[in-house]
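Asks: take this sequence and fold it.
(chains A and B)
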Amino acid sequence: MSTSTRDKETAAAALNGSTDRPSNFVRDIVLEDLKTNRHGGRVHTRFPPEPNGYLHIGHAKSICLNFGLAAEFGGKTNLRFDDTNPEKEEQEYVDSIVTDARWLGADWGDRMFYASDYFDQIHAWAVQLVKAGKAYVCDLSAEEVRKYRGSLTEPGIESPYRNRSVEENLDLFERMRLGEFPDGSRTLRAKIDMASPNLNMRDPVMYRILHAEHNRTGDKWCIYPMYDFAHGQSDSLEQITHSICTLEFEDHRPLYNWFIQQLGIFPSQQIEFDRLNLTYTLLSKRKLLQLVQEGRVRGWDDPRMPTLSGIRRRGYTPEAIRNFCAAIGVSKTNGIIELAMLEHFVREDLNTRAPRVMAVLHPLRVVIDNYPEGQVEELEAVNNPEDPNAGTRKVPFSRSLYIEQDDFREDPPKKFFRLFPGQEVRLRGGYFITCTGVVKNDAGEVVEVHCTYDPATRNGNAPDGRKVKSTIHWVSAEHAIDAEVRLYENLFATENPGDVPEGQDFTVNLHPNSLEILTNAKLEPSLAGAMPGDRYQFERLGYFCADLDSKPGALVFNRTVPLRDTWAKIEKREKGKSG
RNA sequence: UGGGCGGUCGACUAAUGGUAGGUCAAGUGCCUUUGGAGCACUUUGUCUAGGUUCGAAUCCUAGCCGCCCAGCCA
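Replies: As a prediction, this is how the structure comes out:
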């Protein structure tokens, strides 16, 4: 079956309501347009980032919506850079956006465009509006324009330059283009209605003078169109059927439509949805840029950043992000999604695919007193209990091991099932051991735990059928490889980092210890060949991903997300009871 | 106080005049060689007040609350 046939059938199935994909209001609009044959069955969307920062998880929602919708109905999605402000845009951002969008799974074929591709046409349209008496050159300064605009409750006043002749406007606009005037001295404005209750309709600026080198058009232009006079025009040129943007552009829709109507060009339809908000997370390119510039993080791809590059480096998969985006839905309510939702979808994805390994983050030495000195056994460990095809691996076992400090208590609290004096536990993939004693340092801290093992429990079960309440992970001390492990907390300590006390900066909400670097982690030897980007479950701890900084012999792992920790919950609750 | 847009479990989202359902979170139990995963069960909701209707989350009226808009940013 050809792709297009299948796509059409998919579209038909969707039209019949026979798919179980959860709908949303944008999809419903598309469905309705398809039913009424509004665009001849065509669905064409676009993803229009400004190359002034890195893509973040909020953009992922938009990418999934735009590309997902088009794909579902056999349509297309363009990648289009909204590059109308040369002062803020850079090639680095273009490159990162391409990389990140592709990584997420976006496919725009050969349709990667730039608003700047259309500068000639947009300029011609501006001239067209001038000739029609719908636009004029205004000599008011920025400050004057603001004053003349009026306020939320008061109408504006018309610019004294509003009624210049077409000839004069044409001449002036051309001289603006030729660079005869300094930045900010004049603008081209649409002649609409200074009394409109919608401020966007009070003679909005269409073109401003900016003697700035543009990343793509160089010094060809010294006038640049504003968003409002570029975006809809670009949509129209690309015959975009559904131009999906976020809620804050709702007030711009009348203007979007006004330009299209005055110009008599293809009527793309703007539809607004709610942008993503996540607890403990800031999704504002301006603020993320600030974090990078002030060195509060290690860069745009710092694993604590909500950028796609940061999240990727942290170990998230594109599938997890897509599943998350599908689950949160699309609406017009401005809500805030709990970060736990995102974390759920990484765990869900990684659970099925991440190979299990053993790693000890905070090592505590264990000596098995009755295990023969110098003996080494290769125990067979399951790679992934969720995936029978993942097979097994050999893990060396010897007399001296490391276990997690948290897995031993000299004085166990209630409901603590792990190792303590007199207690027997199972070593994951191996023997039962019983704690017989401890060695302390001068400070009274336990530095070594002594145990005996039961040779009859090699396969992890006791022949006499006795049970053990807990299984703990371990690594053989002499075989362990060292690694650096980076643990992350939320970048921000408050649920809504945008809420800032009067007069303060949002950085006051930064989590003081969002990065903890462990330099003494001990890994099982099978990890020696881990390459950057490789993902694992460190058993009982969480999902980890070899960092970009990782090299053979100098491994570095990021904790993507911890495993759900029932014991931590119990302990917290018990402590609350007693304290 | 002008205009625009919204208010459904703790969070997100369905139900488009006809049984308020799903996911996350939380809790309980089962299971378990990860206190993981899985399974089962449970708690909690239609902003308020009127009205229309046999029947309202849905329609009407009036309130209340929240978000966005006064860049020559997007």
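Asks: is RNA strand B contacted by stretch A:264-282?
Replies: Yes - under the criterion of CB under 7 Å from any atom of the strand, RNA strand B is reached by stretch A:264-282 at residue A:274. Using the backbone N, CA and C atoms, a C-beta is placed for each residue, glycine as well.
Asks: what sits against the residue of chain A found nearest RNA strand B?
Replies: Nearest residue of chain A to RNA strand B: residue A:460, at 1.5 Å (CB to the nearest atom of the strand). Neighbouring residues of residue A:460 by CB atoms under 8 Å, 6 or more residues apart in numbering: A:426, A:429, A:430, A:431.
Asks: among these, which are located in strands?
Replies: Counting by DSSP state E, the part of the contacts of residue A:460 found in strands is residue A:426.
Asks: can you give the strand pairings for the one helix or strand residue A:396 maps to, parallel or anti for each?
Replies: Here residue A:396 sits within strand A:392-397, counting by DSSP states H and E. Next to strand A:392-397 in the sheet, as set by DSSP bridges, lie strand A:377-382 (antiparallel).
Asks: any idea how far the partner strand is from the middle of the chain?
Replies: From the chain centre to the centre of strand A:377-382 is a distance of 38 Å (CA atoms, centre = their mean, to the nearest Å).
Asks: also stretch A:353-364?
Replies: Remark: stretch A:353-364 is offset 26 Å from the chain centroid, using CA atoms, centre = their mean.
Asks: is that stretch anywhere near RNA strand B?
Replies: Yes - applying CB under 7 Å from any atom of the strand, one finds stretch A:353-364 touching RNA strand B at residue A:356.
Asks: please apply the same query to stretch A:199-216.
Replies: Yes - Stretch A:199-216 reaches RNA strand B (CB under 7 Å from any atom of the strand) through A:199, A:200, A:204, A:205, A:208, A:209, A:210.
Asks: would you confirm that the third one contacts residue A:251?
Replies: In other words, residue A:204. No - look at residue A:204 against residue A:251 with CB atoms under 8 Å: they stay out of range, at 11.1 Å.
Asks: compare those two (neighbour count), which wins?
Replies: The neighbour comparison of residue A:204 against residue A:251 (other CB atoms under 10 Å) goes to residue A:204, with 20 against 13.
Asks: ok, now which ones touch the closest residue to residue A:284 other than its chain neighbours?
Replies: What sits nearest to residue A:284 in space, not counting adjacent residues and going by CB to CB, 6 or more residues apart in numbering, is residue A:498, at 7.7 Å. Residue A:498 makes contacts with A:282, A:284, A:506, as judged by CB under 8 Å, 6+ apart.
Asks: buried ones among the residues you listed?
Replies: Neighbour-count burial (16 or more other CB atoms under 10 Å) applied to the contacts of residue A:498 gives A:282, A:506.
Asks: which one of the contacts of residue A:498 is nearest to residue A:348?
Replies: Nearest to residue A:348 among these, counting by CB to CB, is residue A:282 at 25.1 Å.
Asks: including pLDDT, neighbour count and distance to RNA strand B, could the contacts of residue A:460 go into CSV?
Replies: Output for those, formatted as CSV (pLDDT from 0 to 100; neighbours: other CB atoms under 10 Å; distance: CB to the nearest atom of the strand, whole Å):
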residue, pLDDT, neighbour count, distance to RNA strand B
A:426, 98, 19, 5
A:429, 96, 23, 5
A:430, 94, 21, 7
A:431, 98, 23, 9
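Asks: around RNA strand B, pick out the residues from the stretch 351-500 of chain A.
Replies: A:351, A:356, A:384-386, A:415-418, A:426, A:428-430, A:459-461, A:470-472.
Asks: filter those residues down to just the ones in strands.
Replies: Short answer: these in strands (DSSP E) are A:356, A:426, A:471, A:472.
Asks: ok, for residue A:297, nearest residue in space, not its chain neighbours?
Replies: Once flanking residues are discounted, residue A:297 sits nearest to residue A:291: 5.1 Å by CB to CB, 6+ apart.
Asks: A helix includes the one you found, no?
Replies: Yes - counting by DSSP: H, G, I helix; E, B strand; the rest coil, residue A:291 is found in a helix.
Asks: what score does it have for pLDDT?
Replies: On the pLDDT scale, residue A:291 is placed at 98.
Asks: isn't it right up against residue A:298?
Replies: No - shown here, residue A:291 and residue A:298 do not form a contact pair, counting by CB under 8 Å, at 10.0 Å.
Asks: those two: which is more packed in?
Replies: More neighbours surround residue A:291 than the other of residue A:291 and residue A:298, with 20 against 15 (other CB under 10 Å).
Asks: contact partners for the residue nearest to residue A:387 when sequence neighbours are not counted?
Replies: Excluding the flanking residues, the one nearest residue A:387 by CB to CB, 6+ apart is residue A:352, at 6.5 Å. Listed by CB under 8 Å, 6+ apart, the contact partners of residue A:352 are A:384, A:386, A:387.
Asks: how about the first one, nearest residue that isn't a chain neighbour?
Replies: Nearest-residue entry for residue A:384: residue A:390, 3.8 Å, with adjacent residues in sequence omitted and distances by CB to CB, 6+ apart.
Asks: where do the strands of the stretch 151-300 of chain A begin and end?
Replies: Counting by DSSP state E, counting those that start in this stretch, the stretch 151-300 of chain A has strands at residues A:187-190, A:205-209, A:223-225, A:242-246, A:269-273.
Asks: so the fourth one versus strand A:269-273, what angle?
Replies: Using axes from the mean of the first three to the mean of the last three CA atoms, to 10 degrees, the inter-axis angle of strand A:242-246 relative to strand A:269-273 is 30 degrees.
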